[in-house]
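Chemist: could you work out the structure for the sequence below:
(2 chains)
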Amino acid sequence: MEDPIIQVRGLRKTYGSFTAVDGLDLTVYRGDVYGFLGPNGAGKSTTIRMMLSLVKPTAGTIDIFGKPLATNRKEILRRIGCVVERPDFYNYLSARNNLEIVGRLSGTDVSKQRILQTLDLVGLASRSESKVKTFSHGMKQRLGIAQALLHSPDLIILDEPTTGLDPHGMVDVRNIIVSLAKDHNKTIVLSSHILPEVELTATRMIIINRGKAIVEGKVHDIVRDQGLEEYFIGITREAQS
Amino acid sequence: MMAALRVELFKVFSKWRTYIGFIALGVVIPIIIVSLKIEGMRYFEFATQSLQQVFAFTGNLMNGYSATYLICGMLFVHVPFLVSLVAGDILAGEATGGTYRLILTRPISRTTMVTSKYIATLISTNSLVLFMAVLSLGLGIAMLGTGEVVVIKSKITIIATHDAFWRFALTFAYAALAMSTVSSIAFALSSFVENAIGPIMTTMAIIIVFLILSMISAPWMDVVRPMFFTTHINTWRHFFDMQVPWHTIITSASVLAAHCIGCYLLALWVMTRKDILT
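Modeler: Got it, this is the predicted structure:
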């Protein structure tokens, strides 16, 4: 019996007359690397923001770790690490200072050693004392992943984690994601436009369009002998027409 | 709450803009005191020229206390701009930098976030007022010595030396409340927008508009004027009346405190309902 970690039911978000998310249902199970796909403006980021309580849903429910997010926000967020869209930091502070802030706000006692270990994992240990304003976009992306992993969360939500990374960086991040899922039994929600990246890492996925789910299930059951890219383009074109 | 407050204080005091006010006062106050040491007596002679024909003024009139009184009169008009630099940025700056996503995806409530930021704003504001007090009194006394405070308003009041210090202590305590009110307004405005320039400029505009409105001589204005916070910012001057009008001061302080509480609650109301889209 699979253990659901995230259950979204009838999720809806409207801004005036515009509907960003329209009655979305999805389920993420423990140990999944869950690909969250859709064309631009499909409602992916809005959904992720609602899962992290940055945006309030107009209707619907989000249960995470078996509890409603609306009434258990702090308890749930303590077990989540995330990168939402581009990772932004306090540019006037060092990488280490930024991670200290995240650690303190996470309610866990994060040691300096743990911070350096996490920075080492993403290849930034040698720049721990450098101010973030001196970092390239790729380095900020790595720091974003570091802050998401700092407090050893059970659920990791990554929105475009490889954007701005060079090919080596993309392979490193992919390996980190696979290792977190396989070796550490973490559950990962991965939103990305780089479809081969998702195909190589995701076990289950959802494709949404105009705020609605088009398809959800195991990656190999959905894609079969097609490439994910080909399948994605075909199904989203069909949905848009 | 303490963890969030420590984080906020660390962020506030790591920012260059926090020190602009300290640097500005650190430059201006010594210049004023040196100028008063050189030219101060001429100022008193000019201000008291009509009385000099009847009375003889003796003693150290341009002393540290008198200088501090003059500095308060000059700078309490300008310090609001310096305090709003920090207060206007504290919420809007998170939106500009995209860092709401960093802190609000952590397990702290929005109430804790807003409250810790508000306390950090007040600490920063009060630090600036304390710095102004120590610098103007300390440097003033060191360079000009102590003596009677000569208060020139519509009439001249001379406060005895031994009677001066507690009045200055209360003046700066009251100034801290007045500047906290200005900070609170900038803080509340900061919750609405995603750029710090807006709250800073709007706070200054509100002060200027209210000061102009206060000057309108009309019966309806007499009803409205007591509700303007700008009417109460200058109440500190009453600490240098021979008989301190405590009722007036308590009323003014209550109005300013009510503004602070109202602005904090407004920011809290906005932030707990806001969708974080930046």
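Chemist: what does chain B put close to chain A?
Modeler: For chain B, the residues in contact with chain A under the definition Cβ under 8 Å from any Cβ of the partner chain are B:3-4, B:6-7, B:10-11, B:14-16, B:97-109, B:273, B:275-277. In short, each C-beta sits where N, CA and C put it, glycine included.
Chemist: ok, the closest residue to chain B within chain A to B:Trp220 distance?
Modeler: With Cβ to the nearest Cβ, the shortest gap between chain A and chain B falls at A:Asp88, namely 3.2 Å. As judged by Cβ to Cβ, to the nearest Å, A:Asp88 and B:Trp220 stand 49 Å apart.
Chemist: tell me the SS of B:Leu266?
Modeler: With DSSP: H, G, I helix; E, B strand; the rest coil as the basis, B:Leu266 sits in helix.
Chemist: do you know how far it is from A:Leu77?
Modeler: 26 Å.
Chemist: tell me which of these two has more neighbours.
Modeler: Neighbours of B:Leu266 and A:Leu77, each counted by other Cβ atoms under 10 Å in any protein chain shown, are more numerous for A:Leu77; the result is 24 against 17.
Chemist: longest helix in chain A, by residue count?
Modeler: Taking DSSP state H as the assignment, the helix of chain A that covers the most residues is helix A:167-182.
Chemist: so for that one, mean pLDDT?
Modeler: What helix A:167-182 shows for mean pLDDT is 81.
Chemist: compute the inter-axis angle for the helix or strand that it is followed by and helix A:167-182.
Modeler: Using DSSP states H and E, the next helix or strand after helix A:167-182 towards the C-terminus is strand A:187-191. Angle of strand A:187-191 versus helix A:167-182, following axes from the mean of the first three to the mean of the last three Cα atoms, to 10 degrees, is 140 degrees.
Chemist: just checking, what packs against strand A:187-191?
Modeler: strand A:4-15, strand A:18-29, strand A:33-37, helix A:44-51, strand A:155-159, helix A:167-182 (3 or more Cβ pairs under 8 Å, 6 or more residues apart in numbering or on different chains; DSSP states H and E).
Chemist: where does chain B dip in pLDDT?
Modeler: Applying pLDDT under 70 to chain B picks out residues B:47-49, B:51-52, B:55-60.
Chemist: try 80
Modeler: Applying pLDDT under 80 to chain B picks out residues B:40-61, B:75-77, B:152-156, B:278.
Chemist: sorry, back to before: give me the neighbour count for the residue of chain A closest to chain B.
Modeler: So A:Asp88, with other Cβ under 10 Å, has 19 neighbours.
Chemist: B:Met221 too?
Modeler: Based on other Cβ under 10 Å, the number of other residues close to B:Met221 is 13.
Chemist: wait, it sits on B:Met227?
Modeler: No - using Cβ atoms under 8 Å, B:Met221 makes no contact with B:Met227, being 10.7 Å away.
Chemist: what's near enough to touch B:Tyr174?
Modeler: Applying Cβ atoms under 8 Å, 6 or more residues apart in numbering or on different chains, one finds that B:Tyr174 lies in contact with B:235-236, B:239, B:249, B:253.
Chemist: any idea which of those is closest to B:Leu85?
Modeler: Distance to B:Leu85 across these (Cβ to Cβ) is lowest for B:Trp236, with 21.9 Å.
Chemist: just checking, that closest one touches B:Ala178?
Modeler: Yes - contact criterion Cβ under 8 Å: B:Trp236 and B:Ala178 qualify, at 7.1 Å.
Chemist: settle it for me: which of those two has more neighbours?
Modeler: Neighbour count, other Cβ under 10 Å: between B:Trp236 and B:Ala178, B:Ala178 has more, with 27 against 23.
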